[in-house]
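Q: Only the shape, not the letters, is given here:
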């Protein structure tokens with residue numbers, strides 16, 4: 001599990017993947033970590049869109065612990081919409097993914113909670 005000693009900021013978020021080293025294709029299974037990501041609607045009206053964000057400042061060494069945390073988030077995560085939750089239905093879509101349907105007073109929204117393995121990223125050279 002990764003340390004929570006650093007404050008979470010836009011520059012430091014421990015669950016974000018590290019820069020991908022294209023020269024090293026080997027991956028050590030013992031160094032695998034898992035995180036939980038939530039996809040939900042952001043914005044309002046015509047500017048509403050889906051956005052995926054890591055929701056925990058921690059990672060887990062084993063997938064089973066991350067899966068348990070994802071299930072907990074499926075039942076407890078408080079999304080921006082709806083503001084007045086009336087009913088929540090949780091569906092396991094796969095061992096690593098939950099679909100959550102939340103009925104509000106006037107509208108129904110959904111979100112997805114997923115266990116993810118950060119693989120890395122690369123920036124485009126512009």
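A: Perfect, thanks for sending it. These numbers come from a predicted model, not from an experiment.
Q: wait, isn't residue 117 in contact with residue 33?
A: Yes: using Cβ atoms under 8 Å, residue 117 and residue 33 qualify as a contacting pair, with a distance of 7.3 Å. No exception for glycine: its C-beta is placed from N, CA and C like everyone else's.
Q: So for those two, which sits in the more crowded spot?
A: Neighbours were counted for residue 117 and for residue 33 using other Cβ atoms under 10 Å; residue 33 has more, 19 against 14.
Q: contacting residues for that one?
A: 2, 59, 60, 61, 117, 118 (Cβ atoms under 8 Å, 6 or more residues apart in numbering).
Q: likewise residue 60?
A: Going by Cβ under 8 Å, 6+ apart, the list of residues near residue 60 reads 1, 33, 34, 35, 66, 69.
Q: can you pull out the helices in the chain?
A: 63-76 (DSSP state H).
Q: So which bits of the helix or strand bottoming out on mean pLDDT in it are buried?
A: Of the helices and strands making up the chain, the lowest-confidence element is strand 49-54, at a mean of 74, by mean pLDDT, DSSP states H and E. If you call a residue buried by 16 or more other Cβ atoms under 10 Å, then strand 49-54 has these buried ones: residue 54.
Q: Note down every partner strand of that strand and its orientation.
A: Partners of strand 49-54 in the sheet, by DSSP bridges, are strand 35-42 (antiparallel).
Q: related to what we said a few turns ago, could you single out the nearest of the contacts of residue 60 to residue 124?
A: Using Cβ to Cβ, residue 35 is the member of the contacts of residue 60 that sits closest to residue 124, with 23.7 Å.
Q: looking at it, the closest one is touching residue 118, isn't it?
A: Yes: using Cβ under 8 Å, residue 35 and residue 118 qualify as a contacting pair, with a distance of 6.2 Å.
Q: more crowded one of those two?
A: Using other Cβ under 10 Å as the criterion, residue 35 and residue 118 rank with residue 35 on top: 25 against 17.
Q: rewinding a little: of the contacts of residue 60, which pair is most distant in space?
A: Among those, the pair separated by the greatest distance (Cβ to Cβ) is 33 and 69, at 12.5 Å.
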